[in-house]
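Visitor: One predicted model, sequence on top.
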Amino acid sequence: MTALLQLSNISKKFGQFYALKDVDFNIYSGEVNVLIGENGAGKSTLMKILSGVYGKDTGSIIMNGKEIEISSPMDAVRMGIGTVYQELTLVPELSVGENFFLGPNLMTNYGFVPWKKLHDDAGRELRELVDLDIDTKVKVKKLGIAQQQLLEIARVVSHNIRILILDEPTAVLTNREVEKLFEIIQAVKTRGIAIVYISHRLEELFRIGDRVTVLRDGHMVGCKLRRDVDTNNLINMMVGRNIENQYPRADFSHIERK
């Protein structure tokens with residue numbers, strides 16, 4: 001299978017510290033690639049390079065066989081890369097509809113906002129994209145966190161993206177809300193969109209992942225299909241030792257039995 005997007009030999013330094021060193025990362029259409037690693041492994045830095053927040057120091061980014069440069073978040077969006085961060089970017093005092101279309105497209109050529117059409121279109125898109133049926137005239141601050149997240153995902157997906165990056169999306173969700181999110185991820189995947197899913201929760205990998213990529217100390221340790229790994233494999237890759245070595249079994253053989 002040919003990768004939709006390839007990051008090759010990506011390095012990034014902050015001062016004298018390498019946050020990433022010669023990292024390779026491939027993304028495939030219609031797949032969920034779960035990106036895991038301990039805190040400080042480089043996961044967020046790698047995704048910020050892909051989403052245009054940081055520039056890379058070395059390496060190349062190839063999309064559909066052509067090298068591209070991502071110099072800003074707007075570049076990333078134009079190239080079909082959308083990101084939903086753990087800290088959502090919605091404006092609480094604006095309505096759901098206004099947030100959905102927030103940006104240059106909010107106004108007509110005459111400087112007027114077609115309010116009825118805006119809310120009708122936003123409502124239709126939310127139902128179709130993320131199965132969210134709510135009053136789009138309600139202010140975002142009135143929504144629960146799960147509804148806000150679905151609104152953010154729908155807004156990003158509506159830009160005809162080809163790659164969706166989700167940064168720790170279940171961190172503040174209830175179990176029921178997590179199940180709903182997983183349903184939406186599966187639906188997005190069936191549209192041929194590639195998903196990069198950043199998580200600390202290994203159990204989520206086995207629920208929704210097709211592929212897993214492990215970073216450790218700024219280096220790419222490996223990329224494997226979900227069916228080829230188990231929890232012990234992943235912990236070994238993440239921390240560099242087997243789980244038995246991390247929590248060694250006590251040896252009571254020296255104790256005299258009576």
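Guide: Noted; the coordinates are in hand. Quantities reported herein were computed from a predicted structural model and do not represent experimental measurements.

Visitor: Show me where the protein has its strands.
Guide: For the chain, applying DSSP state E gives strands covering 5-14, 17-27, 32-36, 58-63, 66-68, 81-84, 163-167, 194-198, 211-216, 219-225.

Visitor: partners of the first one, with directions?
Guide: By that I understand strand 5-14. Using DSSP bridges, the strands paired with strand 5-14 are strand 17-27 (antiparallel), strand 58-63 (antiparallel).

Visitor: Let me know which of the ones you listed is the nearest to R155.
Guide: strand 17-27 (21.0 Å; Cβ to Cβ). All C-beta atoms are positioned from the backbone trio N, CA, C, and that covers glycine.

Visitor: what's the angle between that closest one and strand 194-198?
Guide: For strand 17-27 against strand 194-198, the angle by axes from the mean of the first three to the mean of the last three Cα atoms, to 10 degrees is 140 degrees.

Visitor: what residues does strand 17-27 touch?
Guide: The contact list for strand 17-27 (Cβ atoms under 8 Å, 6 or more residues apart in numbering) reads 3-13, 33, 35, 42, 45-46, 49, 59, 163, 194, 196, 213, 215, 218-220, 223.

Visitor: Stretch 55-66 now?
Guide: Residues contacting stretch 55-66 (Cβ under 8 Å, 6+ apart): 4-13, 22-23, 49-50, 67-71, 79.

Visitor: now the helices: where do they sit in the chain?
Guide: In the chain, helices defined by DSSP state H lie at 43-50, 73-78, 96-100, 115-130, 145-157, 175-190, 202-208, 231-239, 243-246, listed in chain order.

Visitor: for the third one, packing partners?
Guide: This points to helix 96-100. helix 115-130, helix 145-157 (3 or more Cβ pairs under 8 Å, 6 or more residues apart in numbering; DSSP states H and E).

Visitor: For W115, see how far away the spatially most central residue of the chain is.
Guide: Against the mean C-alpha coordinate of the chain, by Cα atoms, centre = their mean, the closest residue is L166 at 2.0 Å. In this view, L166 and W115 are 31 Å apart by Cβ to Cβ, to the nearest Å.

Visitor: about what we covered before: in CSV: the strands paired with strand 5-14, plus distance to V178.
Guide: Formatted as CSV, the strands paired with strand 5-14 follow (distance: least, Cβ to Cβ, whole Å):
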stretch, distance to V178
strand 17-27, 23
strand 58-63, 31
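
Visitor: Check those for me and report the most buried one.
Guide: Among the strands paired with strand 5-14, strand 17-27 has the highest mean neighbour count (mean count of other Cβ atoms under 10 Å), at a mean of 19.

Visitor: now it against strand 32-36, angle please.
Guide: Using the same axes, to 10 degrees: strand 17-27 against strand 32-36 is 160 degrees.

Visitor: Quick one: residues contacting the residue nearest to N233 when sequence neighbours are not counted.
Guide: With Cβ to Cβ, 6 or more residues apart in numbering as the criterion, N233 has its nearest non-adjacent residue at 7.8 Å, and that residue is K224. With contacts defined as Cβ under 8 Å, 6+ apart, K224 is in contact with R211, V212, N233.

Visitor: Please give me every residue in contact with L151.
Guide: Neighbours of L151 in contact, by Cβ under 8 Å, 6+ apart: L90, V96, N99, F100, L126, V130, L132, V140, L143.

Visitor: Going by distance to V172, which of the residues you listed wins?
Guide: Of all those, V172 sits closest to L143, with 13.3 Å by Cβ to Cβ.

Visitor: So that closest one sits against D135, correct?
Guide: No - using Cβ atoms under 8 Å, L143 is not in contact with D135, being 10.1 Å away.

Visitor: any idea how far S51 lies from E203?
Guide: 26 Å.

Visitor: My error: substitute I184 in the last question.
Guide: Using Cβ to Cβ, I184 is found at 18 Å from E203.

Visitor: Also Q148?
Guide: 24 Å.

Visitor: So between those two, which is more surrounded?
Guide: Q148 (18 against 8; other Cβ atoms under 10 Å).
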